[in-house]
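Student: Need coordinates for the following:
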Amino acid sequence: MSEQLTPEKTDLKLGFVALLDCAPLVVAREKGFFNDHGLNVILCKEASWASIRDKVSFGLYDGAHMLAPMPLASTLGMNGNQTNMLTALTLSQNGTAITLARKPYLELSEQINDWSDTDAVGKAFHDWVKQTDKRPVLATVYPYSNHHYQLLYWLKQYQIDVDQDINLVAVPPVQMVGSLADGLIDGFCVGEPWNSLALLRNIGGILTTGFQIWGSHMEKVLGVTQEWAEKYPNTHRALVSALMEGCHWAEAPENREELMQMLALPPYLDQSARQLTGFHSPFPMHQRMYGENVNRPDPEYGRFLLQQMLACGQLNEVDAETCSLVDQVYRRDLFTAWQ
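Tutor: Below is the predicted model:
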C-alpha cells in the first residue's frame, strides 16, 4: 500500500447485507484494519439492497457493500433517486447460484445423470417449466443485480420466456431460504450462503452457478457517491486500503475457521454462518475476495452490464454517452493509483 494520508473524516457508517461476501467489511472491523488507517467504522446491517441504495444516496451511510451493477444503475437514475456513484474496489468475485425447491429438483434428478452437464440441466429445467401445471415463481434479490441478469440470461439460453413461462419476483437475500421452505417461491438466484443453506436444510438443490453461466465476474463492490469521494479523498483512500487488507485476510484458507466465527456474530450473519462450518458445496462457487484481477474494478464488465440492462428492457439503448459513464463509475484509475 502507498503512504498513509490523514483522513478528512474519521467516523464512518457503512451498510451491508448479510452475505458471505460482506466478509471484508467484517474482517476490517474485527481485526482492527479500519482503526489502523485512522477510521472508526460502524457497520449497519440492512435487509434489502434498495435500503442500501437509498441510505447511501441520501448520505445516511458513507458507503456500502453493494451489488456490482448498483453504482451504475444509480448513476443512470434507474429505479429511484438519480445519484452519481462510483467504486474504487471490488470486494468479491462470483459466489452466486440458481437453486430450485426440493420437490421439482428431485423430479429433474430422474432425468439428469450428471449435474456437471450444464446443458443437460438447462434442457431438463426447460422441459419441467413447460410441463408443470402452474407458472413457477422464481426470485432474485434486486432488479439491478448480477443475480437478476444471470437468471434471465440462463432462462433465455434454454428458450424459457420470462414473461410467459415464469413469474419473477424480488425477495431480500435473508428471506430466500424461508420463502423456499414455505412454498412461496419455487426457486431463486442469490449469493452465498443462501444456496448452501438450502442444501444443508434439505429444502432445495443447486441447478447451476453464476460462474458456470458467466465465468469470473465482479460480484460485490464498495460503493460511495461521487460527491462523497470528491469531498473526502483521503478518507476514501484509507477506506479502500483497510478493506483491501480485509479482502486479503478473508481469502486466506488458514483464516477460514476464524472468519466463520466472526461472521457468526449476531451483528453479521449470526446462526446462518455457524451452519456452514466444515461444509463444502458440491457445486464450486469460485468465490474470491482477493487476488490478481479480483479487486480492481473492471469497466469492461460495466459495459457488459449495460448490455444486460438493454437485453432485459431496463435501457432503451446503449449509446456512446452511456458507455462513457462506465469509466466514471468503475474507477480502475483510483485503485491502480492507490496500490
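Student: quick one: residue 278 from residue 18, how far?
Tutor: Shown here: residue 278 relative to residue 18, a distance of 20 Å by Cβ to Cβ, to the nearest Å. Just so you know, the C-beta spots here come from the backbone N, C-alpha and C atoms, and that holds for glycine as well.
Student: Between those two, which is the more surrounded one?
Tutor: Taking other Cβ atoms under 10 Å, residue 278 and residue 18 do not tie; residue 18 has more neighbours (21 against 8).
Student: quick one, what contacts that one?
Tutor: Residues counted as contacts of residue 18 (Cβ atoms under 8 Å, 6 or more residues apart in numbering) are 45, 173-174, 268-270, 272.
Student: Kindly recompute the last result at 10 Å.
Tutor: 45-47, 65, 172-174, 193-194, 263, 267-270, 272-273 (Cβ atoms under 10 Å, 6 or more residues apart in numbering).
Student: and it, what pLDDT?
Tutor: Turning to residue 18, the model gives it a pLDDT of 94.
Student: how much space between it and residue 257?
Tutor: The gap separating residue 18 from residue 257 is 19 Å, by Cβ to Cβ.
Student: What of residue 66?
Tutor: From residue 66 to residue 257 the distance is 28 Å (Cβ to Cβ).
Student: neighbour count winner among the two?
Tutor: Taking other Cβ under 10 Å, residue 66 and residue 257 do not tie; residue 66 has more neighbours (27 against 10).
Student: element containing that one?
Tutor: In the assignment (DSSP states H and E), residue 66 maps to strand 63-67.
Student: Share the number of residues neighbouring residue 91, please.
Tutor: Neighbours of residue 91 using other Cβ under 10 Å come to 29.
Student: what is the mean pLDDT for stretch 177-187?
Tutor: Stretch 177-187 shows a mean pLDDT of 97.
Student: Correct me if wrong, but residue 34 is in a helix.
Tutor: Yes. Using DSSP: H, G, I helix; E, B strand; the rest coil, the assignment for residue 34 is a helix.
Student: ok, residue 29 touching residue 42?
Tutor: Yes. Between residue 29 and residue 42 a contact is recorded at 8.6 Å, counting by Cβ atoms under 10 Å.
Student: Common neighbours of these two, please.
Tutor: Common neighbours of residue 29 and residue 42 (Cβ under 10 Å, 6+ apart) are 14, 267.
Student: More neighbours: the two, which one.
Tutor: Comparing residue 29 with residue 42 by other Cβ under 10 Å, the one with more neighbours is residue 29, at 22 against 14.
Student: distance of the more buried one from residue 252?
Tutor: 17 Å.
Student: ditto for residue 93
Tutor: 16 Å.
Student: circling back to that earlier point, average model confidence for the strand holding residue 66?
Tutor: Mean pLDDT, computed over strand 63-67, is 98.
Student: Please spell out which residues along whatever helix or strand residue 261 lives in are buried.
Tutor: For residue 261, the host element (DSSP H and E) is helix 256-263. Counting neighbours by 16 or more other Cβ atoms under 10 Å, one finds that the buried residues in helix 256-263 are 259-260, 262-263.
Student: now swap in stretch 222-231 and tell me
Tutor: Buried, per 16+ other Cβ under 10 Å, within stretch 222-231: 222-226, 228-229.
Student: quick one on the thing from earlier: what element comes up after the strand holding residue 66 heading to the C-terminus?
Tutor: Downstream of strand 63-67 (by DSSP H and E), the next one is helix 70-75.
Student: Compute the number of surrounding residues for residue 336.
Tutor: Neighbours around residue 336, by other Cβ under 10 Å: 11.
Student: which element is the spatially closest residue to it that is not a sequence neighbour on?
Tutor: Of all residues not flanking residue 336 in the chain, residue 296 sits nearest, at 7.1 Å (Cβ to Cβ, 6 or more residues apart in numbering). Applying DSSP H and E as the criterion places residue 296 outside every helix and strand.
Student: List the contacts of residue 296.
Tutor: Neighbouring residues of residue 296 by Cβ under 10 Å, 6+ apart: 88-90, 218, 330-332, 335-336, 339.
Student: As a check, name the ranges of all strands in the stretch 201-339 of the chain.
Tutor: For the stretch 201-339 of the chain, applying DSSP state E, counting those that start in this stretch gives strands covering 204-209, 218-225.
Student: So which of the ones you listed is the most surrounded?
Tutor: Mean neighbour counts were taken over those using mean count of other Cβ atoms under 10 Å, and the top value, a mean of 26, falls to strand 218-225.
Student: quick check, distance from that strand to the centre of its chain.
Tutor: 9 Å (Cα atoms, centre = their mean, to the nearest Å).
Student: Ok, stretch 306-324 next?
Tutor: From the chain centre to the centre of stretch 306-324 is a distance of 21 Å (Cα atoms, centre = their mean).
Student: distance between stretch 304-320 and the chain's centre?
Tutor: Relative to the centre of its chain, stretch 304-320 is centred 20 Å away, using Cα atoms, centre = their mean.
Student: Endpoint to endpoint, that stretch covers what distance?
Tutor: 14 Å (Cα to Cα, to the nearest Å).
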